[in-house]
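Asks: Sequence plus predicted model, see below.
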Amino acid sequence: MKNVALIGCAHIHTPGFVKRLLARHDVQTVAVWDPDRARSEKRGAELAAPVIAGPAAVWVDKSIDGVIICSETDLHAELVLAAAGAGKHLFVEKPLGLGKADADAMAAAIEKAGVLFQTGYFQRGIPAHLFLKEQVAAGTFGQITRVRAGNCHSGSLGDWFTPEWLWMTDPQRGGVAAFGDLGTHALDLLLWMFGAVERVVAETQVVTGKYGPACDESGEALIRFSNGIIGTLAAGWVDVADPVTFEISGTEGHAWVYDRSEVYIKSERLGSDGKEPYTDLPAAWPHAFELFLDALNGADVPLVGAREAAYRSTVMQAMYRSAAAGSWQTV
């Protein structure tokens, strides 16, 4: 049995993680803390775990193996640096940092400590994405010329954030707003499949104005990858539908994903004409949070590297910098 502490309960995914923790028989939550006492008590009651006065008690408790950090993003650096310094394994909700500086500092501390790290990029483990990753590596598309990823929902239209998650609409707390919040998942897939980025240009927009003029609700970016591929990224909280979530086009093949589940691929190598869903897909991975808990219990499972997570914060910061400046930005 591994002991974990929930440090910060602010993220919108916290309720889902609580349910996953309660369903496990190899992990026990032994402490809960959040700066907001009411949040601490709510999650502590759900987990039947004691609420503590401050996170320092966790850092010195050698019986606690790992921590789950679901705080506001502007608290990540303080908490992650302390946890890594104490030798605690880490699950940190995305994005890792507000930008390059704090994310790089956290990644360096995590690597120095030699602890497990994971963040919430669960979309890697979706069968459609695993299949496309394999086909990119196999050269099925020939020379890839353009790619596109999107991650959009109607959170702003439905006001999903009031009142409990309103901090996520404040870029000072979250480092990003809608474009970065959802876009980081799509960005992770693009970087995971196609590698480093040379430069970016982006635009964001306020649509409903529900969360004030500083909170973007939608955005689009153009990406020049270091290998020459041109990519686009879309994300936002004001979409009533988001049917085509991923697309790859190359000189020998083309694929698109419907609703993150069905893959349509045209490829002579695979004998597929792209008119019907391609069904020979890999098995899904467990959720990213489950993978962390599995790794905590000694399983050899794929995790997101701390440097990978930091790089996504770096690229997203460049996109926001571009939106503010109205020009291309070097990453």
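Replies: The structure has been received and is ready for your questions. Numbering: from 1, shown residues only.
Asks: Could you use CA atoms for every contact and neighbour count after this?
Replies: Noted.
Asks: What's the separation between the residue nearest the centre of the chain and Gly212?
Replies: Residue closest to the average C-alpha location in the chain (C-alpha atoms, centre = their mean): Tyr121, at 3.8 Å. Distance from Tyr121 to Gly212, counting by C-alpha to C-alpha, to the nearest Å: 28 Å.
Asks: any idea which helix is longest in this protein?
Replies: Using DSSP state H, we find that the single longest helix of the chain is helix 306-325.
Asks: Which secondary structure elements does it sit against?
Replies: Contact here means 3 or more C-alpha pairs under 8 Å, 6 or more residues apart in numbering; DSSP states H and E; on that basis helix 306-325 packs against helix 100-113, helix 178-194, strand 197-205, strand 329-330.
Asks: before we move on, the earlier item: for the residue nearest to the centre of the chain, what are its contacts?
Replies: 94, 185, 188, 288, 304 (C-alpha atoms under 8 Å, 6 or more residues apart in numbering).
Asks: Spatially nearest residue to the fourth one, not counting backbone neighbours?
Replies: Translated: Ala288. Spatial nearest neighbour of Ala288, excluding adjacent residues (C-alpha to C-alpha, 6 or more residues apart in numbering): Phe122 at 4.7 Å.
Asks: count of neighbours near that neighbour?
Replies: Other residues near Phe122 come to 18 when the count uses other C-alpha atoms under 10 Å.
Asks: And the strands in the stretch 151-300 of the chain, which stretches?
Replies: Residue ranges of the strands in the stretch 151-300 of the chain, as given by DSSP state E, counting those that start in this stretch, are 197-205, 218-225, 230-236, 244-250, 253-258, 262-267, 272-273.
Asks: Parallel or antiparallel, list what pairs with the fifth one.
Replies: The reference is to strand 253-258. strand 244-250 (antiparallel), strand 262-267 (antiparallel) (DSSP bridges).
Asks: Can you add mean pLDDT, mean neighbour count and distance to Gln205 and give those strands back as TSV?
Replies: Shown next, in TSV, are the strands paired with strand 253-258 (pLDDT from 0 to 100; neighbours: other C-alpha atoms under 10 Å; distance: least, C-alpha to C-alpha, whole Å):
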stretch	mean pLDDT	mean neighbour count	distance to Gln205
strand 244-250	98	20	20
strand 262-267	98	21	30
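Asks: Out of those, flag the one nearest Gly54.
Replies: Among the strands paired with strand 253-258, the nearest to Gly54 by C-alpha to C-alpha is strand 244-250 (41.2 Å).
Asks: coming back round to it: mind checking the strands of the stretch 151-300 of the chain for the one nearest to Val315?
Replies: strand 197-205 (7.7 Å).
Asks: Can I get the strands paired with strand 253-258 in JSON lines including distance to Gly158?
Replies: Compiled in JSON lines, these are given as follows (distance: least, C-alpha to C-alpha, whole Å):
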{"stretch": "strand 244-250", "distance to Gly158": "21"}
{"stretch": "strand 262-267", "distance to Gly158": "26"}
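Asks: how about the helices in the stretch 1-150 of the chain?
Replies: With DSSP state H, counting those that start in this stretch as the criterion, the stretch 1-150 of the chain has helices at 14-23, 37-47, 56-59, 76-85, 100-113, 127-138.
Asks: of all the ones you listed, which lies closest to Val238?
Replies: helix 14-23 (22.6 Å).
Asks: Hey, what's the angle from the closest one to helix 37-47? Just curious.
Replies: 30 degrees (axes from the mean of the first three to the mean of the last three C-alpha atoms, to 10 degrees).
Asks: Just the CA atoms of helix 14-23, as CSV, please.
Replies: Taking Å, rounded to 0.1, in the frame of the first residue of the first chain, the C-alpha atoms of helix 14-23 are listed here in CSV:
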residue,chain,number,x,y,z
THR,A,14,-9.9,17.1,-8.8
PRO,A,15,-13.3,15.4,-8.3
GLY,A,16,-12.3,12.8,-11.0
PHE,A,17,-9.0,12.1,-9.3
VAL,A,18,-10.8,11.6,-5.9
LYS,A,19,-13.0,9.0,-7.5
ARG,A,20,-10.0,7.2,-9.0
LEU,A,21,-8.2,7.2,-5.7
LEU,A,22,-11.2,5.8,-3.9
ALA,A,23,-11.4,3.0,-6.5
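Asks: mean confidence score for that helix?
Replies: Regarding helix 14-23, the rounded mean pLDDT is 98.
Asks: and it, what other elements does it pack with?
Replies: strand 27-33, helix 37-47.
Asks: which residue sits closest to Gly125, ignoring its sequence neighbours?
Replies: The shortest distance from Gly125 to any non-neighbouring residue, by C-alpha to C-alpha, 6+ apart, is to Trp285 (4.5 Å).
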